[in-house]
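Trainee: got a predicted structure here, sequence first:
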Amino acid sequence: MSLPAIVVGLVLLATAQSLADDFYKGKTIRFVVGLAPGGGYDLSARTVARHIGKHIPGNPNIVVENMTGAGSLIAANYTYSSAKPDGLFVGIWNGGFVLRQALGDKAIRFDTRKFGWIGAPTKATPSCSLMAHTGLKSLKDILAANRELKMGSTSPGSTYDDLPQILNQSVGTKFKVISGYEGTSTILVAMRRKEVDGGCWGWESVRTTARPMLDAKGDDKLIPFLIHKRVPDPEVKDLPLVTEVIKSEDHLIAYRTWVGTHEFQRPFTVPPGTPKERLQILRKAFADTMKDPAFIAEAEKSKLETTHVSGEEIDKYVGQIYSITPRTKELLSFLTTKAKN
């Protein structure tokens, strides 16, 4: 390429970037969260929303809305098919739908590879907990009791729903998943009412949103009994790991494939077709927010664990998930069919 052509290209790029920078002045960006207020997704989105505006050229206003239903599938569908791709709409929904689509789930009517991934504020550590009113305190107790236990869930495609089913398949638990809750906060209410016995979701969310129940006494106490990886928190540092209790190599591979979506938890996305320069602005603003001392201080005060995952990294994770082998796909196929059973 000749020098004049390079110069022209740089000028055009700079002009396009300048126009994109000016675009956000006086505008409002909608953050639409697919799960209920009071849970980890909602807390994360609202914390980011309070700080990201100052990192976007033009300093737009940020408003947060909740669009609940089907474990955030309604919000994901809206982001893909209905939201205007103008850089003023950000959807925050369950990244587990990436695996669902890779498995061929007919309920997923969008292509997760076409979203614009802004980034994710954390990586998740799946865990499972049970209420003390069950009289059980450990996975060993659960297996020995050999009885059905009700686990609260939002919908297929979520940690709440999938992990109990995976444990049933690979370890021999007898969890019955009760779906339809709008989010963590409503599942916690159901636990206290004894509608369900427990649930599985990210420890980063549990340690924050369920803190009063973790600290409770008697039947109202929430007891963690299984976790994905070692973390320093005293409440879970000695728990058995999922990878320790699954003995079959095939099931271990399947579990590790499933848990891959937890490398980008609570992802922030824009609709397909959003101008690339606006996506880049939002990606940079998101990354800058994750380093913002004021954001970090608020996150720490709320016990909101943050580990920035860039949009580019998420693109790579999504590509890896879509490279799923036929054997692993076969082993995980029950995740897309169990809702029909």
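Mentor: Noted; the coordinates are in hand.

Trainee: so what's the residue lying closest to Ile62 once chain neighbours are set aside up against?
Mentor: In space, not counting the residues next to it along the chain, Ile62 is nearest to Ala49; the distance is 4.3 Å by Cβ to Cβ, 6 or more residues apart in numbering. Using the backbone N, CA and C atoms, a C-beta is placed for each residue, glycine as well. For Ala49, the contact set (Cβ atoms under 8 Å, 6 or more residues apart in numbering) comprises Phe31, Ile62, Val63, Val64.

Trainee: need phi/psi at Ala49.
Mentor: phi -60, psi -30 (degrees, to the nearest 10).

Trainee: Gln265 contacts Pro126, doesn't it?
Mentor: No - with contact defined as Cβ atoms under 8 Å, Gln265 and Pro126 do not form a contacting pair (9.8 Å).

Trainee: joint contacts of the two?
Mentor: Gly202.

Trainee: just the buried residues out of the contacts of Ala49, in ChimeraX syntax.
Mentor: To isolate the buried members of these in ChimeraX, using 16 or more other Cβ atoms under 10 Å:
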select :31,62,64
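
Trainee: dump the contacts of Ala49 into JSON lines; add distance to Thr112 and pLDDT as well.
Mentor: Shown next, in JSON lines, are the contacts of Ala49 (distance: Cβ to Cβ, whole Å; pLDDT from 0 to 100):
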{"residue": "Phe31", "distance to Thr112": "19", "pLDDT": "98"}
{"residue": "Ile62", "distance to Thr112": "24", "pLDDT": "98"}
{"residue": "Val63", "distance to Thr112": "25", "pLDDT": "98"}
{"residue": "Val64", "distance to Thr112": "23", "pLDDT": "98"}
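
Trainee: and which of the contacts of Ala49 is nearest to Gly319?
Mentor: Distance to Gly319 across the contacts of Ala49 (Cβ to Cβ) is lowest for Phe31, with 25.9 Å.

Trainee: any buried residues in the helix or strand harbouring that closest one, and which?
Mentor: Secondary structure assignment for Phe31, by DSSP states H and E: strand 28-33. Neighbour-count burial for strand 28-33 flags Ile29, Arg30, Phe31, Val32, Val33 (criterion: 16+ other Cβ under 10 Å).
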